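S.K.: With the sequence up front, the predicted model follows.
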Amino acid sequence: MLHKQLRVGVLFGGRSSEHEVSLASARNVIDALHKAGHTVVPIGITPQGRWLTMGDPLARLTGEAATPVTVNGENDRLEAWALLPQASQDAPLPIIDVIFPVLHGPHGEDGTVQGLLELANLPYVGSGVLGSAVSMDKAIAKQLFAQANIRQTPFTVVMRKNWQRDPDSAISALEQQFVYPIFVKPANLGSSVGVSKAHQRDELVTALHLACRYDRKLLVEASVPNAREIEVSVLGNDDILVSVPGEIVPGHEFYDYEAKYLDNSSQLLIPAPLAPDLVAQVQQMARQAYQVADCSGLARIDFLLDDGDKTLYLNEINTMPGFTRISMYPKLWEASGLSYPDLVNRLLELALERHEDRLQNCTTREA
């Protein structure tokens, strides 16, 4: 495990409908980094894309600070590209040793911030540009998993423009392909934002309208009978560790945003009550999916289990899972013997390890 003290830049907030979830995650990550002995450099990103470093950015974004977020204060913000000069500084120590991007959803978990950090030559926690982008776009990820013969539920993609141009044809095509109930979700989002379960045509129309608010690409999936929601936490770059599985028993019909963050009706069963052969199957499928999507650092991988015939289906990968007090990712590692402070230390170590590996790449043509 990591034994040296680091200056860790923690990115949080962001231009995403998961902004509030990011703030809750960041609070826990910052606390764990302090407990692990690191110096935290908080960097908040407003919903409009302004980067804040002055004062206490987390308190300001959550409305807990006396000084509100200002819009025009030139000395009160950091533009994204201000990180770039760090790559060429001659100072013996960098301003920031490693970045922990606690950002969920678009403009944070989708490869955009990862690309900026690559340009800045900064180590950072989590998957790289490709792994982040692929995993964020559920439609692309499902196509890759299909090529790798990883079992999934039947799915199709509806483009927002096609739905808006001819909704009757879109509905007709979906009803020919699927049997109700079916799920509709934005292809590029998380935290169950914009996700609906449609039991009939009217609900399907409403679900497609809702998903269109968040993305140009909509994912429509068949539901799993008698579904149980199983999750595992994954840790590693080339050497991959998988936690014990956990199970979510949602307080609502499915694990939607309200059930995740706004009420206490859902139950987390850790470890999940699964037979040993199913535990092994979940862990094996998680390793395979993690490698297929070119993930690194960490991910939470979600599955659906048909409790009737015990068939397991891969649902999705989250490359920057929640780190809130109720989040499964750290809870599963605690159940697997890795404490929260040790977990964040390991994530920093993996970030530095991958950065050192990347530095071995030749960037000039050799004669």
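M.R.: Alright, I've got the coordinates.
S.K.: For the rest of this, base every contact and every neighbour count on C-alpha atoms.
M.R.: Fine.
S.K.: In three-state terms, how would R27 be classified?
M.R.: Here R27 is recorded as helix under DSSP: H, G, I helix; E, B strand; the rest coil.
S.K.: Tell me how far it lies from A146.
M.R.: 37 Å (Cα to Cα, to the nearest Å).
S.K.: need the contact list for V179.
M.R.: Going by Cα atoms under 8 Å, 6 or more residues apart in numbering, V179 touches A222.
S.K.: Just the element for it, please.
M.R.: Remark: V179 resides in no helix or strand, with elements defined by DSSP states H and E.
S.K.: F303 now?
M.R.: strand 297-306.
S.K.: Adjacent strands (with direction) for that strand?
M.R.: When pairing is defined by DSSP bridges, strand 297-306 lines up against strand 227-236 (antiparallel), strand 312-318 (antiparallel).
S.K.: any idea which helix or strand comes after the last one?
M.R.: Read that as strand 312-318. Scanning onward from strand 312-318 (DSSP H and E), the first element met is helix 328-335.
S.K.: which other helices and strands contact that following helix?
M.R.: strand 227-236, helix 340-358 (3 or more Cα pairs under 8 Å, 6 or more residues apart in numbering; DSSP states H and E).
S.K.: Quick one: closest of the ones you listed to R50.
M.R.: If you check each of the helices and strands packed on helix 328-335 against R50 by Cα to Cα, helix 340-358 wins as the nearest, at 25.3 Å.
S.K.: Report the angle between the closest one and strand 227-236.
M.R.: 60 degrees (axes from the mean of the first three to the mean of the last three Cα atoms, to 10 degrees).
S.K.: which residues are contacting the strand holding F303?
M.R.: For strand 297-306, using Cα under 8 Å, 6+ apart, the contacting residues are 125-127, 224-237, 282, 286, 290, 311-321, 329, 347, 350-351.
S.K.: circling back to that earlier point, R27 and A146 - which one has more neighbours?
M.R.: Using other Cα atoms under 10 Å, the more surrounded residue of R27 and A146 is R27, with 18 against 12.
S.K.: and after the helix or strand of the chain with the lowest mean pLDDT, which helix or strand comes next?
M.R.: Taking mean pLDDT, DSSP states H and E as the measure, the chain has helix 257 as its least confident helix or strand, at a mean of 49. Counting by DSSP H and E, the element after helix 257 in chain order, helix or strand, is strand 267-269.
S.K.: Now tabulate the strands paired with strand 297-306 in JSON lines and tack on mean pLDDT, mean neighbour count and distance to L23.
M.R.: Below are the strands paired with strand 297-306 laid out as JSON lines (pLDDT from 0 to 100; neighbours: other Cα atoms under 10 Å; distance: least, Cα to Cα, whole Å):
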{"stretch": "strand 227-236", "mean pLDDT": "97", "mean neighbour count": "24", "distance to L23": "21"}
{"stretch": "strand 312-318", "mean pLDDT": "97", "mean neighbour count": "23", "distance to L23": "17"}
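S.K.: right, and those strands - which one's nearest Q360?
M.R.: The nearest among the strands paired with strand 297-306, by Cα to Cα, is strand 227-236 at 19.0 Å.
S.K.: Where does the prediction get shaky in this structure?
M.R.: 1-3, 65-94, 190-191, 251-265, 367 (pLDDT under 70).
S.K.: Could I get the full set of helices for it?
M.R.: According to DSSP state H, the chain carries its helices in the segments 19-35, 57-61, 112-119, 129-136, 138-147, 160-165, 167-177, 201-212, 257, 276-292, 328-335, 340-358.
S.K.: I'd like to know which elements the fourth one is packed against.
M.R.: Pointing back at helix 129-136 there. Checked by 3+ Cα pairs under 8 Å, 6+ apart, helix 129-136 has helix 112-119, helix 138-147, strand 312-318 packed alongside it.
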